[in-house]
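# sequence first, predicted model second:
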Amino acid sequence: MSVSTLYLVLSGLLWGTGGLIGSLFGRAAGLSAMSVAACRLLAGGGLIVACLTMTGRRWPAGRAAWTRIALNGALSALFQGCYFAAISLTSVSLATLVTIGGTPVIVAIAEQARGRRAPGRAGVITMAMALAGLGLLIGLPGAGFSEAAVLASAAMALLSAAGFAAVTLIGASPVPGLDELALNGFGFTLGGLALLPLAAMLGGGTGFRPGLASAGLLTALAVGPTAVAYTLYFREHRRSAVAHRAAGRRRAGRAGARGQAERHGNCGRGHAARCRSPHHPGGLRPAPASSGWADGPAGEPGAPAGFSHILSIAPALGLPPAGLTRVPLVSTLPVRAA
């Protein structure tokens, strides 16, 4: 298993514990769903910011960095608040499965709508199976939940998935100088602060009953499924985004070089048969055996006459034209007829 896969698997496992730990923390501390979401973001973000400060890391600087942090904080408040609201309406398992299962489907649909990536047959089948699974989860919840509660919980879970999908899509274009630790630390802290007035307005209060159990659960919620899980995920997400862009640039460069070669070449694909015919006026004929050199049409002394199109595309191939002017020819190499 590669390190990248290990990071993603570990993030998923830690996220799976977040809903359970959060619900237990809410019961132990007597908090509402919004209050639990606010405490999770404040504790996890504060822990990351404290680590950055103690290690002497610089805080983010610049308008672009803080704009991205503010956007990340708003989206984090959205998907955490909706997630714990979904849990409060039904169960941890239903809300978690719908949220985690809905996020990749939303990301795939958004990428297809933006024209970035067209899914193949396997992608379409996988997406259809994911949608069918989500439908079965919502349609067959069991556990005595009413239809209204199930639909409301599923809607909140899908809204949470949409918020995290937006964070994933935006994170594909990282801001220079802003790493995942600073982004998540300050973003989560701002998101938690934004949820505090909402939690107070919806009822349930923002203070919790102090105790060893509530403190331990809050610490576990802040460290594992929040600080560690999201840092690992966004670190790998940034790395894969950079690798994807680099691969795209390489493909574009190779395609541009091939296109330029075809534009400048005298023997295109449609004229290959005629160009190979020695009887065609612009065709090719074998070089005389007595001479392996000829003066090029461009006036290059010693340049092979049939290489005039290669000289014209030499810059696109990364070669200096002068480097092709003294290339020995064998007698069987075709050159352009005079």
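Nice, thanks for sending it over. Bear in mind the structure is a predicted one, so any value in this text is a computation, not a measurement.

# residues near residue 51, how many?
Number of residues near residue 51 (other CB atoms under 10 Å) recorded here: 14. (Glycine included, C-beta is placed from N, CA and C.)

# output the lowest mean pLDDT helix or strand found in this structure.
helix 308-312 (a mean of 42; mean pLDDT, DSSP states H and E).

# residues in contact with residue 144?
Under the criterion of CB atoms under 8 Å, 6 or more residues apart in numbering, residue 144 has no contact partners.

# does it count as helix, strand or coil?
coil (DSSP: H, G, I helix; E, B strand; the rest coil).

# now do it against residue 90, distance only.
For residue 144, the distance to residue 90 equals 10 Å [CB to CB, to the nearest Å].

# just to check, residue 33 is in contact with residue 80?
No. Using CB atoms under 8 Å, residue 33 is not in contact with residue 80, being 9.7 Å away.

# quick one: which of the two has more around it?
Set side by side, residue 33 and residue 80 show more neighbours around residue 80, with 28 against 24, by other CB under 10 Å.

# buried sites along whatever helix or strand the more buried one lives in?
In this assignment (DSSP states H and E), residue 80 forms part of helix 63-89. Neighbour counts over helix 63-89 (16 or more other CB atoms under 10 Å) mark 65-66, 68-69, 71-89 as buried.

# kindly report the same for stretch 17-37.
Applying 16+ other CB under 10 Å to stretch 17-37 flags 17-19, 21-26, 28-29, 31-37 as buried.

# and stretch 3-13, by the same measure?
Buried residues in stretch 3-13 (16+ other CB under 10 Å): 7-8, 10-11.

# of those, which pair is most distant in space?
Pairwise distances across these peak at 7.3 Å for 8 and 10 (criterion: CB to CB).

# can you check which residues contact both of the two?
Joint contacts of residue 8 and residue 10 (CB under 8 Å, 6+ apart) are residue 232.

# which one is residue 11 nearest to, not counting chain neighbours?
With CB to CB, 6 or more residues apart in numbering as the criterion, residue 11 has its nearest non-adjacent residue at 4.2 Å, and that residue is residue 233.

# wait, doesn't that neighbour sit right on residue 10?
No. Judged on CB under 8 Å, residue 233 makes no contact with residue 10 at a distance of 9.0 Å.

# what about residue 152, distance to residue 44?
27 Å.

# more crowded one of those two?
residue 44 (31 against 16).

# for the stretch 101-250 of the chain, give me the ranges with low pLDDT.
The model of the stretch 101-250 of the chain has pLDDT under 70 over residues 116-119, 137-143, 203-208, 238-250.

# try it again with 90
Segments of the stretch 101-250 of the chain classed as low confidence (criterion: pLDDT under 90) are 101-102, 104-105, 107-151, 171-180, 198-211, 231-250.

# wait, what's in contact with residue 72?
Residues in contact with residue 72 (CB under 8 Å, 6+ apart) are 167, 170, 183-184, 187, 191.

# nothing else from me, thank you.
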